[in-house]
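# Sequence and predicted model, in that order:
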Amino acid sequence: YFDTRDECKNFWKKCIEYHAFFRCVTIQRLHRSKKKLLAGGSSFRYHGRTQKEITEYARENYTKNRSFTR
């Protein structure tokens, strides 16, 4: 368990980032709606590419190093 609320919240964010990066195929990018008063749950969202997106990008854009002479 954690000593403070902030430590717990930081751990929660890291768990969400880990799950989104390694487990999700893609990330849905939704626009945030207006804040509701007393809205429950976490408003944290992972913003970035997933492991699958990065791997596909690397495969599509891979080029072999060309040999050159000096």
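Thanks, I have the structure now. Numbering: from 1, shown residues only.

# Please report how far residue 64 lies from residue 54.
Distance from residue 64 to residue 54, counting by C-beta to C-beta, to the nearest Å: 19 Å. In short, each C-beta sits where N, CA and C put it, glycine included.

# okay, these two: which has more neighbours?
Each of residue 64 and residue 54 has its neighbours counted (other C-beta atoms under 10 Å); residue 54 has more, 12 against 5.

# Surely residue 49 is in contact with residue 58?
No: applying C-beta atoms under 8 Å, one finds residue 49 not in contact with residue 58, separated by 10.7 Å.

# Mind checking the pLDDT average for the biggest helix by length in the chain?
Longest helix of the chain, by residue count under DSSP state H: helix 5-22. For helix 5-22, mean pLDDT rounds to 87.

# Please point out which parts of that helix sit buried.
By 16 or more other C-beta atoms under 10 Å, the buried positions in helix 5-22 come out as 20, 21.

# Report the next helix or strand after it in sequence order.
Next along the chain after helix 5-22, taking DSSP states H and E as the criterion, comes helix 51-60.

# then that following helix to PDB, C-alphas only?
This file holds the C-alpha atoms of helix 51-60, laid out as PDB (Å, rounded to 0.1, in the frame of the first residue of the first chain):
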ATOM      1  CA  GLN A  51       3.700  -1.400 -28.900                       C
ATOM      2  CA  LYS A  52       1.800  -2.800 -31.900                       C
ATOM      3  CA  GLU A  53       1.600   0.600 -33.600                       C
ATOM      4  CA  ILE A  54       5.300   1.200 -33.200                       C
ATOM      5  CA  THR A  55       6.200  -2.300 -34.500                       C
ATOM      6  CA  GLU A  56       4.000  -1.900 -37.500                       C
ATOM      7  CA  TYR A  57       5.500   1.600 -38.200                       C
ATOM      8  CA  ALA A  58       9.000   0.200 -38.000                       C
ATOM      9  CA  ARG A  59       8.200  -2.700 -40.400                       C
ATOM     10  CA  GLU A  60       6.600  -0.300 -42.900                       C
END
